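Enquirer: how would this look folded up:
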Amino acid sequence: MTGKSFASLLGACNAVLLLAGTLPARHEVTGLREKEREALEARQTARRSRVQAAAAASVSSQAIASSIALAELHLARRPDLPALTAKLRRLATTAGLALERVEYRSRHEWGRAYADLEADLLAQGTYRALKALLWGVEHADTAFTVRSIAVLDTDRPGSASRTVRLTLGTYLVP
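Expert: Below is the predicted model of the structure:
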């Protein structure tokens, strides 16, 4: 090794490899780095959009649940609470729900009469029967406002049933 340093020998080896096409040139290395950076940014953007889509789906399902819970059913009004209870019982039976308990209370505020009906329903399997009941209430000749829907207990031993508490309200026409 007369007069040649290690760096010059390494440079000569790199030159041979570069000429042979096995060692990437500087512009190729920077191009690869840019492509890797673009791929990383694309993955991060895709991840952000998936997170935003999941958050939007969560918000929309919460909005749907709150709109069901607070939906006002615009129907003809009837002042007879026992008749409203009987109507609810018929609708629950038609929808395939077992009505475990119904309570109704009337209250007076500012000279107007209001009624609240609280029903505990036994739902089997999926919530399709409950949706059918809500559809029936919506299309019946009552003026119920759905105030809340709550699941009291889930999956009783040996069955896929749950108790759902449905609170309805109405304005009583004197």
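
Enquirer: in this structure, where is pLDDT below threshold?
Expert: 1-29, 54-81, 125-127, 140-143, 154-161, 171-174 (pLDDT under 70).

Enquirer: quick one, strands of it?
Expert: With DSSP state E as the criterion, the chain has strands at 98-109, 112-124, 145-153, 161-172.

Enquirer: list the buried residues for the last one?
Expert: Which is strand 161-172. 162, 163, 164, 166, 167, 168, 169, 170, 172 (16 or more other C-beta atoms under 10 Å). Using the backbone N, CA and C atoms, a C-beta is placed for each residue, glycine as well.

Enquirer: I'd guessed the first one sits against residue 151; true?
Expert: What that stands for is residue 162. Yes: when contacts are counted by C-beta atoms under 8 Å, residue 162 is listed as touching residue 151 (5.7 Å).

Enquirer: ok, back up a step: now the strands of the chain as JSON lines including distance to residue 37?
Expert: Putting the strands of the chain into JSON lines (distance: least, C-beta to C-beta, whole Å) gives the following:
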{"stretch": "strand 98-109", "distance to residue 37": "62"}
{"stretch": "strand 112-124", "distance to residue 37": "54"}
{"stretch": "strand 145-153", "distance to residue 37": "49"}
{"stretch": "strand 161-172", "distance to residue 37": "52"}
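
Enquirer: for residue 134, which of the ones you listed is the nearest?
Expert: Between residue 134 and the strands of the chain, the shortest gap by C-beta to C-beta is with strand 145-153, which sits at 7.0 Å.

Enquirer: which parts of that closest one are buried?
Expert: Buried, per 16+ other C-beta under 10 Å, within strand 145-153: 145, 146, 147, 149.

Enquirer: what of stretch 113-126?
Expert: For stretch 113-126, by 16+ other C-beta under 10 Å, it's 115, 116, 117, 118, 119, 120, 121, 122, 123.

Enquirer: and for stretch 86-94?
Expert: Buried residues in stretch 86-94 (16+ other C-beta under 10 Å): 87, 88, 91, 92.

Enquirer: from the residues you listed, pick the one nearest residue 138.
Expert: Out of the buried residues of stretch 86-94, the member with the shortest distance to residue 138 (by C-beta to C-beta) is residue 91, at 10.1 Å.

Enquirer: how near is that closest one to residue 133?
Expert: Using C-beta to C-beta, to the nearest Å, residue 91 is found at 6 Å from residue 133.

Enquirer: perfect, I'm done here.
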